[in-house]
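A.B. asks: no sequence on hand, only this structure:
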């Protein structure tokens with residue numbers, strides 16, 4: 001089990017249907033030490049996981065990603081990138097949440113996601 005999370009939430013604002021978060025990359029994380037040693041980058045799985053965790057925590061429910069219609073990893077998140085912005089928009093239907101998320105810093109977008117999360 002990791003001692004510290006790779007991506008730490010620095011701030012979070014929730015308005016109905018939208019979540020905006022600022023994340024700090026822990027450049028000393030154990031994950032970065034083993035994910036491409038010598039040229040570490042934040043794993044795509046960690047980017048997807050932070051979307052799920054923030055959405056679930058904010059909505060106070062357990063969620064599971066069941067469909068990812070569109071996931072794009074557009075740039076590598078290197079440890080030198082210390083702050084990331086995460087925008088999540090969602091629409092709740094009967095049993096699921098339709099989600100669009102974007103992880104970026106300034107003009108650089110690292111990941112985009114369109115998917116469906118269901119209640120666990």
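C.D. replies: Happy to help now that I have it. None of the values given here were measured: they were computed from a predicted structure. Numbering: from 1, shown residues only.
A.B. asks: show me what residue 90 is bridged to.
C.D. replies: Applying DSSP bridges to residue 90 yields these beta-bridge partners: residue 99.
A.B. asks: what's the spacing between it and residue 12?
C.D. replies: Using C-beta to C-beta, to the nearest Å, residue 90 is found at 14 Å from residue 12. C-beta coordinates here come from the backbone N, C-alpha and C atoms, glycine included.
A.B. asks: grab the longest helix from this structure for me.
C.D. replies: If you go by DSSP state H, the chain has its longest helix at helix 44-59.
A.B. asks: and that one, what other elements does it pack with?
C.D. replies: strand 7-15, strand 18-25, strand 63-73, strand 83-92, strand 96-105, strand 108-119 (3 or more C-beta pairs under 8 Å, 6 or more residues apart in numbering; DSSP states H and E).
A.B. asks: how about residue 27, secondary structure?
C.D. replies: Taking DSSP: H, G, I helix; E, B strand; the rest coil as the rule, one finds residue 27 in the coil state.
A.B. asks: what's around the closest residue to residue 66 other than its chain neighbours, how many residues?
C.D. replies: Spatially, and ignoring its direct neighbours in sequence, residue 66 is nearest to residue 118 (5.0 Å; C-beta to C-beta, 6 or more residues apart in numbering). Neighbour count for residue 118, taken as other C-beta atoms under 10 Å: 14.
A.B. asks: surely residue 118 meets residue 98?
C.D. replies: No - assessed by C-beta atoms under 8 Å, residue 118 is found out of contact with residue 98, at 10.7 Å.
A.B. asks: okay, and the common contacts of those two?
C.D. replies: Contact criterion C-beta atoms under 8 Å, 6 or more residues apart in numbering; residues shared by residue 118 and residue 98: none found.
A.B. asks: output the helices and strands packed on helix 44-59 in a markdown table, with mean pLDDT appended to each entry.
C.D. replies: Output for the helices and strands packed on helix 44-59, formatted as a markdown table (pLDDT from 0 to 100):
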| stretch | mean pLDDT |
| --- | --- |
| strand 7-15 | 96 |
| strand 18-25 | 97 |
| strand 63-73 | 95 |
| strand 83-92 | 97 |
| strand 96-105 | 97 |
| strand 108-119 | 97 |
